[in-house]
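1. The following comprises the amino acid sequence and a computationally predicted model.
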Amino acid sequence: TQLLEQSPQFLSIQEGENLTVYCNSSSVFSSLQWYRQEPGEGPVLLVTVVTGGEVKKLKRLTFQFGDARKDSSLHITAAQPGDTGLYLCAVGSSGGSNYKLTFGKGTLLTVNP
Amino acid sequence: NAGVTQTPKFQVLKTGQSMTLQCAQDMNHNSMYWYRQDPGMGLRLIYYSASEGTTDKGEVPNGYNVSRLNKREFSLRLESAAPSQTSVYFCASSPRTGNEKLFFGSGTQLSVL
């Protein structure tokens, strides 16, 4: 069973459209991270959400952490071709002094000019 | 501002050959990680090192070994490569164990024929 379920898996839209992608789980998390990965590069952190119900904005990107801290969404307003990439959500787990990050499978977004 | 540097960027191996993927970070981070990324599978953790001198298995460690050579360097070795190890490999680092961001290298694309 996948810890994090991301949907949709693929999304292709036209420039200027709005979109929302989702990250869901049956587990409760203390925090959740969103990364964006461009072709040929490693993922880059966009945001970390910590508090249930929290909303964070990064220019045209709006991130929300669910009230129960089990899910999160990413909304992009007026998408641009530069937003094209793989969007990944991730959660951390700690055991003693160890810490590791588990990723969802991602949503591959293509924004067409 | 190199960040996380991985070498090589591309590699082709024959089944049974061995090789070592190199990773170095210049951010004085304590923790380092190796992930593999396969289509439809997302990023999966192979091994990680919470601090210099320690290593631990992740989700998919079989067929791999790691060495945390010093605080800067964390290498991944394939002793006898198999076609199932064809993947894109990413090294990452984080400042300390805890709930924080990972910094990724740009990846090594490995094909095993």
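-> Nice, thanks for sending it over. Numbers count the residues shown, from 1 in each chain, chains lettered A, B, ... in the order given.
2. When you work out contacts or count neighbours from here on, use the C-alpha atoms and nothing else.
-> Fine.
3. from chain A, which residue is nearest to chain B?
-> When scored by C-alpha to the nearest C-alpha, chain A has A:Lys105 as its residue closest to chain B, at 3.9 Å.
4. which element follows the worst-scoring helix or strand of chain A on mean pLDDT toward the C-terminus?
-> Ranked by mean pLDDT, DSSP states H and E, the helix or strand of chain A with the weakest confidence is strand A:98-103, at a mean of 79. Sequence-wise, the next helix or strand downstream of strand A:98-103 (DSSP states H and E) is strand A:107-112.
5. buried ones in that following strand?
-> By neighbour count on 16 or more other C-alpha atoms under 10 Å in any protein chain shown, the buried set for strand A:107-112 is A:107-111.
6. Within the helices and strands, which one has the residue nearest the centre of chain B?
-> Centre of chain B computed as the mean C-alpha position; nearest residue by C-alpha atoms, centre = their mean is B:Trp34, 2.9 Å away. When elements are assigned from DSSP H and E, B:Trp34 belongs to strand B:31-38.
7. isn't the residue nearest to the centre of chain B right up against B:Thr55?
-> No - B:Trp34 sits out of contact with B:Thr55 when judged by C-alpha atoms under 8 Å, with a separation of 10.9 Å.
8. Quick check: neighbours shared by these two?
-> Both B:Trp34 and B:Thr55 are in contact with B:47-48, where contact means C-alpha atoms under 8 Å, 6 or more residues apart in numbering or on different chains.
9. picking up where we left off before, per-residue confidence at the residue of chain A closest to chain B?
-> On pLDDT, A:Lys105 comes in at 94.
10. how many neighbours does the residue nearest to it when sequence neighbours are not counted have?
-> Nearest residue to A:Lys105, sequence neighbours excluded (C-alpha to C-alpha, 6 or more residues apart in numbering or on different chains): B:Gly42, at 3.9 Å. Other residues lying near B:Gly42 total 18 when counted by other C-alpha atoms under 10 Å in any protein chain shown.
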